[in-house]
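Chemist: Sequence isn't available, so here's the structure alone:
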Ligand SMILES: [Zn+2]
């Protein structure tokens, strides 16, 4: 009996240790110690506006209207399954100068996924977007910003560059847009990456929260322009920081632009 008790105890200890290595330490490494993921980029005057969790037919069309009026190029981190169901919205995003990247195949809690499911969040999503929409993606922002050891180590996941954000303001709760604006401006610096949400379907989000996000856009555009900054897509922001006239030192040449 005592022997049996020890075995159970050791199995328990081993399980906890595995969980810490698989799901705990990778998040400590990326989110607390800020290793491996891009959370802001070198820039003097540019910032990136990004949206997670969409596309959503109830909010994304009006958000696209607002972005077009404000002349803001944005980056959409989409859920691949939703993107495949909303092809018109995806076509519109691209034709209006926005960038599309991966948030996941579904809005899953990555730390608790199996290695296979973890790869599907990036590689499966990437394949679906390519097959259905002809979309090539290069960046991955994990759902809830959480990952596991497979996200960091598997070549299938590493093929996409990992990104989080520098400005997050709780817009998934219904919040007046002037409060959102104030929170953003308190944190935003050149090279900053703002994350907002164009869907309220995610667990923890409040119904109707993206309405304030849509109303926020013109005021955010104005405030950023007043500071002498401008919006770029995430990839453009990453590239411009590498230009010879940028402050960041690098020998990566700017690819030719059409
Ligand atoms: Zn999300």
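Modeler: Noted; the coordinates are in hand. For clarity, every value in this text was computed on a predicted model and none was experimentally measured. Numbering: from 1, shown residues only.
Chemist: List the contacts of the closest residue to the ion within the stretch 151-258 of the chain.
Modeler: Nearest residue of the stretch 151-258 of the chain to the ion: residue 202, at 5.3 Å (CB to the ion). C-beta here means a position set from N, CA and C on the backbone, and glycine is covered the same way. Shown in contact with residue 202 (CB atoms under 8 Å, 6 or more residues apart in numbering): 53, 107, 143, 172.
Chemist: cool, residue 30 as well?
Modeler: Contacts of residue 30 (CB under 8 Å, 6+ apart): 36, 37, 147, 152, 162, 164.
Chemist: what sits against the residue lying closest to residue 99 once chain neighbours are set aside?
Modeler: Nearest non-adjacent residue to residue 99, counting by CB to CB, 6 or more residues apart in numbering: residue 233, 3.9 Å away. Residues counted as contacts of residue 233 (CB under 8 Å, 6+ apart) are 48, 73, 74, 75, 97, 98, 99.
Chemist: I'd like the distance between residue 233 and residue 195.
Modeler: Plainly put, residue 233 is 14 Å away from residue 195 if you go by CB to CB, to the nearest Å.
Chemist: Residue 13 now?
Modeler: Taking CB to CB, one finds residue 13 at 37 Å from residue 195.
Chemist: now residue 234
Modeler: Per CB to CB, residue 234 is found 11 Å from residue 195.
Chemist: shared neighbours, those two?
Modeler: Shared contacts of residue 234 and residue 195, counting by CB under 8 Å, 6+ apart, come down to residue 50.
Chemist: helix or strand for the residue nearest to residue 205 when sequence neighbours are not counted, which one?
Modeler: Counting by CB to CB, 6+ apart, residue 205 lies nearest to residue 172, which is 4.2 Å off, once chain neighbours are set aside. Using DSSP states H and E, residue 172 is not contained in any helix or strand.
Chemist: and the closest residue to the ion within the stretch 101-250 of the chain, what does it touch?
Modeler: Ranking the residues of the stretch 101-250 of the chain by distance to the ion (CB to the ion) places residue 143 first, at 4.8 Å. Neighbouring residues of residue 143 by CB under 8 Å, 6+ apart: 103, 104, 107, 108, 109, 110, 121, 202.
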